[in-house]
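A.B. asks: The sequence isn't on hand, but the structure is:
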């Protein structure tokens, strides 16, 4: 979307047309027919394109923002990088717990984190270099106590107690893999964060060697998806905690802290545990194994096994039915014998495509199970298991 299209969209006619069109599309109207209808009604083709794009982005945004999505505007790149509402609420909670009353959101994108800061009563100044994105952030933040500045995040002076960074890691065409190409660059961000309390949101797969040792490093899983790594500096970093894994769910939050730890391999027990992605990324699997009184199923494999059934938000639990050789024909025969038609397939340490394997197994039956393809004691094996019900 360019500035001209955004001006059309933000007009009284444009916003009204967006609300009507969104309602029509919710009623399963064919988007192609909707384009024809709107153009036949005399609407500017550029406005029609902008309206239909926003209606589509709002539908996608519902997964991140829930009912808030229907009152927001988006860009493709901005929505992809935007923080989920529940995760942004966690960021804001960390700020408030540290006594922060004013935040500079430097590189705010569409304003997701700024929205969360503002809803907790903090004074927010959001800075965004891209003109269209800044205007969209201004629209999204208009109901809250927040101001948006169109400018460079590292050159705009903002009077605030703490800073928040979510460096842009893609442009309109591609993902940017080199941290020096991010906007702002990772080096510039960490230089700023060393001078003022800050939170820095990064992709969960960030190279850990790029992260400062004198800050708190936190990985976050939301539901079943690991969504980010955050570096907290200054008074936003909790004393004595260098690394943590946080799991957010409908029932609240669970956290694991400690030093890097890897569990020792041991004998397979009656239960299998798959650590949350945040625990794996934070390299705290050993600490989780201690909590579960479990061992690794094999050296270097992030599955744990134990003799006790334990319920924890930090891992998914399974009861092991049986083990078998990792042989496709044998697995297919066993699935037929057990009438398993609904099979979840997971793998670690096995070079197999689960989706392709599922097709080749030609599953039939009314039973359900989970199949793990992995190494047990250094040997490739298949484990048939059932999910534990919390």
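C.D. replies: The structure has been received and is ready for your questions. Just so you know, these numbers come straight off a predicted model, no measurement behind them. Numbers count the residues shown, from 1 in each chain.
A.B. asks: give me the element residue 219 is part of.
C.D. replies: For residue 219, the host element (DSSP states H and E) is strand 216-222.
A.B. asks: So which elements touch the helix or strand following that strand?
C.D. replies: The helix or strand immediately downstream of strand 216-222 is strand 225-232, counting by DSSP H and E. With contacts taken as 3 or more CB pairs under 8 Å, 6 or more residues apart in numbering; DSSP states H and E, strand 225-232 sits against helix 85-97, strand 198-202, strand 216-222, helix 277-281. Using the backbone N, CA and C atoms, a C-beta is placed for each residue, glycine as well.
A.B. asks: quick one on the thing from earlier: partner strands of the strand holding residue 219, with direction?
C.D. replies: Strand 216-222 has the following strand partners under DSSP bridges: strand 225-232 (antiparallel), strand 243-249 (parallel).
A.B. asks: so can I have TSV of these showing distance to residue 8 and mean pLDDT?
C.D. replies: What follows is these, written out as TSV (distance: least, CB to CB, whole Å; pLDDT from 0 to 100):
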stretch	distance to residue 8	mean pLDDT
strand 225-232	34	97
strand 243-249	38	97
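A.B. asks: Can you lay out these as JSON lines showing mean neighbour count and distance to residue 130?
C.D. replies: JSON lines is the format used below for the strands paired with strand 216-222 (neighbours: other CB atoms under 10 Å; distance: least, CB to CB, whole Å):
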{"stretch": "strand 225-232", "mean neighbour count": "22", "distance to residue 130": "21"}
{"stretch": "strand 243-249", "mean neighbour count": "22", "distance to residue 130": "29"}
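A.B. asks: nearest to residue 86, of those?
C.D. replies: strand 243-249 (5.5 Å; CB to CB).
A.B. asks: contacting residues around the residue nearest to residue 242 when sequence neighbours are not counted?
C.D. replies: Leaving aside its chain neighbours, residue 242 sits nearest to residue 216 (6.3 Å; criterion: CB to CB, 6 or more residues apart in numbering). Residues near residue 216 by CB atoms under 8 Å, 6 or more residues apart in numbering: 231-233, 236-238, 241-244.
A.B. asks: surely residue 315 meets residue 277?
C.D. replies: No. In this structure, residue 315 is not within contact of residue 277 by CB atoms under 8 Å, at 10.5 Å.
A.B. asks: These two: which has the busier surroundings?
C.D. replies: Neighbour tally, residue 315 and residue 277, criterion other CB atoms under 10 Å: the higher count belongs to residue 315, 26 against 21.
A.B. asks: Can you name the residues that contact the residue nearest to residue 310 when sequence neighbours are not counted?
C.D. replies: Sequence neighbours aside, residue 292 is the residue nearest to residue 310 in space, at 5.1 Å (criterion: CB to CB, 6+ apart). By CB under 8 Å, 6+ apart, the residues touching residue 292 are 273, 304, 306, 308, 310, 312, 315.
A.B. asks: try residue 248
C.D. replies: Here residue 248 is in contact with 86-87, 90, 220-223 (CB under 8 Å, 6+ apart).
A.B. asks: All good on my end, thank you.
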